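Colleague: model this:
(2 chains)
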Amino acid sequence: MAEKAEKLVIKLQNVTKIYKVGVEHIRALDGINLHLRENEYVAVMGPSGSGKSTLMNVLGCLDRASSGYYEMDGQDTTKMSDAALARIRNERIGFVFQSFELLGRLSALKNVEMPLIYSRDGWWSRRQRAKKVLERVGLSDRIKHKPNQLSGGEKQRVAIARALVCNPSILLADEPTGNLDSKTSQGILELFDQLYREGQTIIIVTHEEDIARHANRIIHMRDGRIYSDLPREQDLLSKAAIQNDSQEKRI
Amino acid sequence: MIALIRAPLAFFRLFYQSVYLALGQIWTNKTRSILTSIGIVIGVASVTSVIATLTGLKAKILTQVETFGTNTIFISPQLPDTGPLRHNSWWNIRFLPEQFDGLLENCPSVARFSRIGSAGRRTVQYRERSAENVQVRGIESAYHEIEHRPVILGRAFSVIDNMQVRQVCLIDPKLQKELHLDRDCIGQTIRIGHNAFVIVGVIERRPELGFGEGGEDYYEVFIPFRTIFKFGEPWIWAFAAGESADVLEEAQAEIKFFLRQTRNIKAGEPDSFRVESLKGALKTFNNIAIMVTLVAGGIVGISLMVGGVGIMNIMLVSVSERTREIGLRKAVGARKSAILTQFLIEAVVLCFVGGLVGVGIGHLLTLIISAINPVLEKTSIPMWAIAISFGFAGSVGIFFGMFPAIKAARLDPIEALRHE
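Modeller: Here you go, the predicted model:
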């Protein structure tokens, strides 16, 4: 177990991402260093414009870094072709979006099957695999339903099942509870906790403290940089310390 | 080894999946799909029905030619296009019977010929029954063989009938029926105009041509060639047959040369008659058929182009409507090629569905055409026409679907997912 925990899933070294807007160069990511081990549960926090979405896109291989080095499961992704990146996204990364992104005309089962259509090995067994993973997220009785017949929480569960169906190395969730009420959010977060206990590596992007508190490692970003990267307990302590500092200053 | 099996399998599943998705998409947007593919439907329906009609017409004409004979030469007066004779009256350039005297001796490639003199349409009577508008023609004995119309009852005209200008006749079985003549009517007397004629035989009816001549109330009576002069001077033409179909052109040239001499046409002056064979006419028909096919093909091509632009338009709409879907598909691992194939196949399936409906409508049109016009009763859609229509529809789909599909494949997944 300890040996397994040593294995690096993600290794970012001095990664930058620069957008050109007119003549201005915006550094969305500015020298990010990040190591992620198997079965970690990380929350990325930060105000809007802090670069957390860009980090998500780079981690998810949807976008390429302008410079730096990114290794995923021991593979250097910086020099990969588009097709190879598509394969990485298919086999190693599961996305969960804020607005679910389910296809309205397909049933829950078909939605979950979708990534397997593009996979090399999963195609022949896609129905069984999709059913199994829907069972895992607790929706085995909603297989034939279309998205518009499902509640918000159920929709997000289908989306999570879709992200899990290819057995990804990491699950990337971008504000997964942003469109849900607090009670449903709680259910989804419990599902994430359960997946974490089952050994899934999870990265969750959020700006809500309550959600971040479910993770065992919390990263704070500001202006394209990581300014704190601590385990949950220490993060809470440091936050308390900062609050104390500011209170003392006020006094 | 495994890769060798996997590559086609991978292509197959992409293909299958794309067809499945495309059909689903078409089914979801039924009205839109129908409106979009109307151009293709019309194009394919017209190409199939035009080809079917032409094929039917050709088949009909070919069977006609077979019954009529490819070895037949038709000789008749014709006003020349140039020269002083071109404003002459038809009567002045008529054939005189003696202009054919010695034709067989002078034209070695001609096996036989028959002059035909027409006395126009006359009333024929038998007892109290009569038939109006009966074609009365004077013929020579070679007529039966050249026109493939043998005498089926009684006898043909003898040389003596002709020499002695006898008032004998051959009649058409239909006329026989119309006049209520006996089944064996040989020896009975009918009146043609004011003259009494003895029936010596019954001639086989001309196969139904369908165009122009023929029809329900069309009757024929034949009398010896010289006897026709009893009705006044006849309008004369002639049929001839070559020694064989191979020397038909030589035979035509010989007849032309001979007739120019007997009609005193000087060197350099144009012919005042025509010598034609069905072979030539068939060639002309084939040329016309090719022309019509080309023109129709052009029109159909334009229609398919218009249909293709419609397809392109709707595919562009579809791509921008489904931008988020494309983004999602890319995020879960669809390659550019997968997205490209999906949209391309959607366009092609749309065209094929249009093509299928088009062939159906074309078939219906063909049935209607053949029901309305008996000439085209043999009309049917040949397999190659269906293949061509589908081929064209598919190419239109690929050609016009390519641009929207490339557009979809090139979308940036992040941008696409942010699209509203």
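Colleague: count the residues that sit near the residue of the stretch 301-420 of chain B found nearest chain A.
Modeller: For the stretch 301-420 of chain B and chain A, the shortest gap (Cβ to the nearest Cβ) falls at residue B:333, measuring 2.3 Å. In this view, the C-beta of every residue, glycine as well, is placed from N, C-alpha and C. Other residues near residue B:333 come to 25 when the count uses other Cβ atoms under 10 Å in any protein chain shown.
Colleague: so which bits of chain A are right by chain B?
Modeller: For chain A, the residues in contact with chain B (Cβ under 8 Å from any Cβ of the partner chain) are A:57, A:60, A:62-63, A:82-83, A:86-87, A:89-91, A:95, A:97, A:101, A:103, A:105, A:114-115, A:117-120, A:123, A:162, A:166.
Colleague: whichever of those residues end up buried, select them in PyMOL.
Modeller: Burial among the residues of chain A next to chain B is assessed by 16 or more other Cβ atoms under 10 Å in any protein chain shown; the matching PyMOL selection reads:
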select buried, chain A and resi 57+60+62+63+86+87+89+90+91+95+97+101+103+105+114+115+117+118+119+123+162+166
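Colleague: so of the residues of chain A next to chain B, which ones are in strands?
Modeller: residue A:95 (DSSP state E).
Colleague: sec struct for the residue of the stretch 301-420 of chain B closest to chain A, please.
Modeller: coil (DSSP: H, G, I helix; E, B strand; the rest coil).
Colleague: for burial, what's the neighbour tally of residue A:233?
Modeller: 10.
Colleague: please apply the same query to the one 4 residues further on.
Modeller: Counted with other Cβ under 10 Å, residues neighbouring residue A:237 total 12.
Colleague: now residue B:306
Modeller: Residues within reach of residue B:306, counting by other Cβ under 10 Å, total 15.
Colleague: now for it: which residues touch it?
Modeller: residue B:39 (Cβ atoms under 8 Å, 6 or more residues apart in numbering or on different chains).
Colleague: what pLDDT does it get?
Modeller: Predicted confidence (pLDDT) for residue B:306: 86.
Colleague: same check on residue B:148?
Modeller: pLDDT recorded at residue B:148 is 82.
Colleague: please name the nearest non-neighbouring residue to whatever residue of the stretch 101-250 of chain A ends up closest to chain B.
Modeller: Closest to chain B within the stretch 101-250 of chain A is residue A:115: 4.0 Å, counting by Cβ to the nearest Cβ. In space, and not counting its chain neighbours, residue A:115 is closest to residue B:332: 4.0 Å by Cβ to Cβ, 6 or more residues apart in numbering or on different chains.
Colleague: what's the spacing between the one you found and residue B:343?
Modeller: Separation of residue B:332 from residue B:343 (Cβ to Cβ, to the nearest Å) stands at 17 Å.
Colleague: show me which helix runs longest in chain B.
Modeller: helix B:278-321 (DSSP state H).
Colleague: quick one, what contacts the residue nearest to residue A:115?
Modeller: When the contact criterion is Cβ under 8 Å, 6+ apart, the partners of residue B:332 are A:89-90, A:95, A:114-115, A:118, A:162.
Colleague: same check on residue B:218?
Modeller: Residue B:218 makes contact with B:133, B:135, B:174 under the criterion Cβ under 8 Å, 6+ apart.
Colleague: what's the helix or strand for the second one?
Modeller: It refers to residue B:135. Per DSSP states H and E, residue B:135 falls inside strand B:129-139.
Colleague: export the following helix or strand past that strand to PDB, keeping only CA atoms.
Modeller: Downstream of strand B:129-139, the next assigned helix or strand under DSSP H and E is helix B:143-147. Below are the C-alpha coordinates for helix B:143-147, written out as PDB (Å, rounded to 0.1, in the frame of the first residue of the first chain):
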ATOM      1  CA  TYR B 143     -43.200  -5.500-100.900                       C
ATOM      2  CA  HIS B 144     -44.100  -8.500 -98.700                       C
ATOM      3  CA  GLU B 145     -40.600  -9.600 -98.200                       C
ATOM      4  CA  ILE B 146     -39.100  -6.100 -97.700                       C
ATOM      5  CA  GLU B 147     -41.700  -5.000 -95.200                       C
END
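Colleague: which helices and strands does helix B:143-147 pack with?
Modeller: Here helix B:143-147 touches strand B:110-126, strand B:235-242, going by 3 or more Cβ pairs under 8 Å, 6 or more residues apart in numbering or on different chains; DSSP states H and E.
Colleague: who does the next helix or strand after it touch, helix- and strand-wise?
Modeller: Per DSSP H and E, the first helix or strand lying C-terminal to helix B:143-147 is strand B:151-154. Applying 3+ Cβ pairs under 8 Å, 6+ apart, we find strand B:151-154 packed against strand B:195-203.
Colleague: give the buried residues for the strand it packs on.
Modeller: For strand B:195-203, a neighbour-count test (16+ other Cβ under 10 Å) marks B:197, B:199-203 as buried.
Colleague: likewise stretch A:201-221?
Modeller: By neighbour count with 16+ other Cβ under 10 Å, stretch A:201-221 contains the buried residues A:201-206, A:211-212, A:214-221.
Colleague: I'd like the average pLDDT over it.
Modeller: Average pLDDT, stretch A:201-221: 91.
Colleague: same question for stretch B:403-419.
Modeller: What stretch B:403-419 shows for mean pLDDT is 92.
Colleague: now the terminal residues of it, how far apart.
Modeller: End-to-end distance of stretch B:403-419: 20 Å, with Cα to Cα, to the nearest Å as the criterion.
Colleague: from the chain's centroid, how far away is the strand holding residue B:135?
Modeller: Chain-centre distance of strand B:129-139: 31 Å, with Cα atoms, centre = their mean, to the nearest Å.
Colleague: which helices and strands does that strand pack with?
Modeller: Contacts defined by 3+ Cβ pairs under 8 Å, 6+ apart place strand B:129-139 against strand B:110-126, helix B:173-178, strand B:219-224.
Colleague: please identify which of these is closest to residue B:401.
Modeller: Across those, residue B:401 has its closest neighbour in helix B:173-178 (60.5 Å, Cβ to Cβ).
Colleague: what's the following helix or strand after the closest one?
Modeller: Past helix B:173-178, the next helix or strand by DSSP H and E is strand B:189-192.
Colleague: how about residue A:7, what does it touch?
Modeller: A:37-38.
Colleague: ok, the residue of the stretch 1-150 of chain A found nearest chain B to residue A:134 distance?
Modeller: Across the stretch 1-150 of chain A, no residue is closer to chain B than residue A:90, which sits at 2.3 Å (Cβ to the nearest Cβ). For residue A:90, the distance to residue A:134 equals 19 Å [Cβ to Cβ].
Colleague: and for residue B:150, the neighbour number?
Modeller: Neighbours of residue B:150 (other Cβ under 10 Å): 11.
Colleague: over to residue B:63?
Modeller: A count of nearby residues for residue B:63, using other Cβ under 10 Å, gives 12.
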